[in-house]
Every structure is written in structure tokens, then in C-alpha cells.
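Enquirer: Would you be able to build a 3D model of this:
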Amino acid sequence: MARIDGRVPRGAIEITTGQANRVWYITDEVPYVLKHYQDPARAANEAAALALITHHHGPGPRLLAAAPEGRPAWTAQSAVQAEPVPVDRFLKELADPLATVHAIPGTHFGRLAGATRHPTWQAYLTDRLNLYARTAPELVNAVNSVRRELDRVNPNTAPRLLHHDLQPGHLVSTPQGHGLLLDWELAAFGDPLSDLARLAVRLHLTSPQPIITDPGSRDIRQRLRLYWRLHLLADAALATDPAVRAYALDLTDQLGQSAGR
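Expert: I've put the predicted structure just below:
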């Protein structure tokens, strides 16, 4: 296998799928995937997540090499021979690989690398709310509403690995029937329920409850709804896709109107 140095070798096949990053499949003696990033912080975070997944033999690509400080920043990942899981089987086939991911302990709260590390989960969530308020001042009332809910719920949890970008297309199945999760740029340490709440947003559910088969305790329901509202705010404030942002803004507005009645 030739030395991996982040450069695109002759014969590479570009498999970029409309993201800000560029991705190539390298038909080497041992095939691999090369990814160039616009944001070095995302490269550092994905490299850290893949290194952790590799160490724990988790359900994802193996990290072969990385240079988040490179120009451009890049990672090289093991090529995954697998097919996307159809939407109608997504939740069922997600359960086992996600349980494995959520069993991996963290050292702090928030992104694994390339960002501030937080001593508590609540501190991380407060920091996110502050970012949404700064980025989209028109959402300050919604932010303050979620801030009050955060204070009421006061989630206290041990840090666990989160994929934090679950959606159809990011779960694939190998010919042997093993589920693998791709695209770890947004991975974080936090409450596993946050992963499920973000998925509810990505599936355009008007409530996060259908994501969990067992409604669980009142505490679980409260935390799930809190995280769901936080992820809606994230899309409303930061999403670059106009359709994603419009959907999040509309639902955030509806929730605000309901709370005001």
C-alpha cells in the first residue's frame, strides 16, 4: 500500500455527494476513502471520533491517517463495502450499532476535538444556546424558552459517544449484515438521548416520542423533548440548506405559539 499523504492520487474516483467537503475512493492495493475538509475543526473532530471507533472496534470506518492541520485538512478512512439501509428498516437496524456507540465513555462534554471542552453537559448545552442567540437574534425568545426548559430539566449524565448526525444515508449494511455508521464530523460526548432527538428532527417528526419504542420515565421524556427543541433551534439558526432552515423555523414558531396559549 502506497504511503497516504492526503494528496489525491492518479486514478482516484471522486464520490463527493454535494457536501462542502470533497471525497475520493482510492483504488489502491488496500482501497481507502480520502476526505478533504473546508473546516479544519471538523477534520480534527472526525479524526478523533474515528480513532476512538477504531480503538473500540466500533461500527464505523477505521482511521488510517489524518492531518487536520493540513492545507487542506484531510482524513483517510478504510473503504466500506456496504449499502445504505432503506428508510423503512432504518430505526430497526440502527439499534444495535447505536447501542455499541453509546457504550463508549467520554472524557468531557461537547465535540471530541477542535472545539471547547465542557465540564458538564448542561454547560455544553448552555453554550450552544448562547451561540444560537448570537447567530440568529430573531430567535432570542425561542432560545430563552428552551433555556428555561433546560434549567427545569437540569440533565445530569455521564459523557458517552454520540454520532450527532444520524439520518438515512449515514447507516449502511455490509454484505455480512453488520450495520456501520458513516460521517462522524459532528460527533460529541453527551447524553445518548440527544442522538435520538436529532434523528427525530432529521426525520421531520413533529414529536420525538416515536423514536423510542418504550416511552420510559418522565425524566427520559423531558430530556428527549428538550434535546429535540435544541436541535430544531440549531437548524433554525445555523442550517445552510434553505429547506432545512425553513422547516426548523416553522416548527420552532409553532412550538412557541403553543407555549404562549
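Enquirer: For Gln167, list the residues it contacts.
Expert: Gln167 sits next to Leu199, Arg202, Leu203 when contact means C-beta atoms under 8 Å, 6 or more residues apart in numbering. Bear in mind the C-beta positions are built from the backbone N, C-alpha and C, glycine included.
Enquirer: Quick one: buried ones out of these?
Expert: Among these, those classed as buried by 16 or more other C-beta atoms under 10 Å are Leu199, Arg202, Leu203.
Enquirer: With distance to Pro168 and pLDDT as new columns, can those residues be given to me in TSV?
Expert: Shown next, in TSV, are the buried ones among the contacts of Gln167 (distance: C-beta to C-beta, whole Å; pLDDT from 0 to 100):
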residue	distance to Pro168	pLDDT
Leu199	10	96
Arg202	8	94
Leu203	8	93
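Enquirer: Is His163 in contact with His170, as I believe?
Expert: Yes: the pair His163 / His170 is scored as a contact, 7.4 Å apart, by C-beta atoms under 8 Å.
Enquirer: joint contacts of these two?
Expert: Listed as contacting both His163 and His170 by C-beta under 8 Å, 6+ apart are Leu181.
Enquirer: Mind checking which of those two has more residues around it?
Expert: The residue with more neighbours, out of His163 and His170, is His163; 28 against 20, by other C-beta atoms under 10 Å.
Enquirer: contacting residues for that one?
Expert: Leu98, Val101, His170, Leu181, Trp184, Leu186, Ala187, Asp195.
Enquirer: Would you mind stating the distance between it and Gly60?
Expert: His163 sits 9 Å away from Gly60, going by C-beta to C-beta, to the nearest Å.
Enquirer: cool, Arg22 as well?
Expert: For Arg22 relative to Gly60 (C-beta to C-beta), the value is 20 Å.
Enquirer: same question, Ala113
Expert: Here the distance between Ala113 and Gly60 works out to 16 Å (C-beta to C-beta).
Enquirer: what do you get for Gln38?
Expert: On the measure of C-beta to C-beta, Gln38 and Gly60 end up 22 Å apart.
Enquirer: And these two? Which one has more around it.
Expert: Using other C-beta under 10 Å as the criterion, Gln38 and Gly60 rank with Gly60 on top: 26 against 12.
Enquirer: The spatially closest residue to the more buried one that is not a sequence neighbour is in what secondary structure piece?
Expert: The spatially closest residue to Gly60, leaving aside those adjacent along the chain, is Ile53, at 4.2 Å (C-beta to C-beta, 6 or more residues apart in numbering). Here Ile53 sits within helix 40-55, counting by DSSP states H and E.
Enquirer: I'd like to know which elements that helix is packed against.
Expert: Contact here means 3 or more C-beta pairs under 8 Å, 6 or more residues apart in numbering; DSSP states H and E; on that basis helix 40-55 packs against strand 32-37, strand 63-67, strand 73-78.
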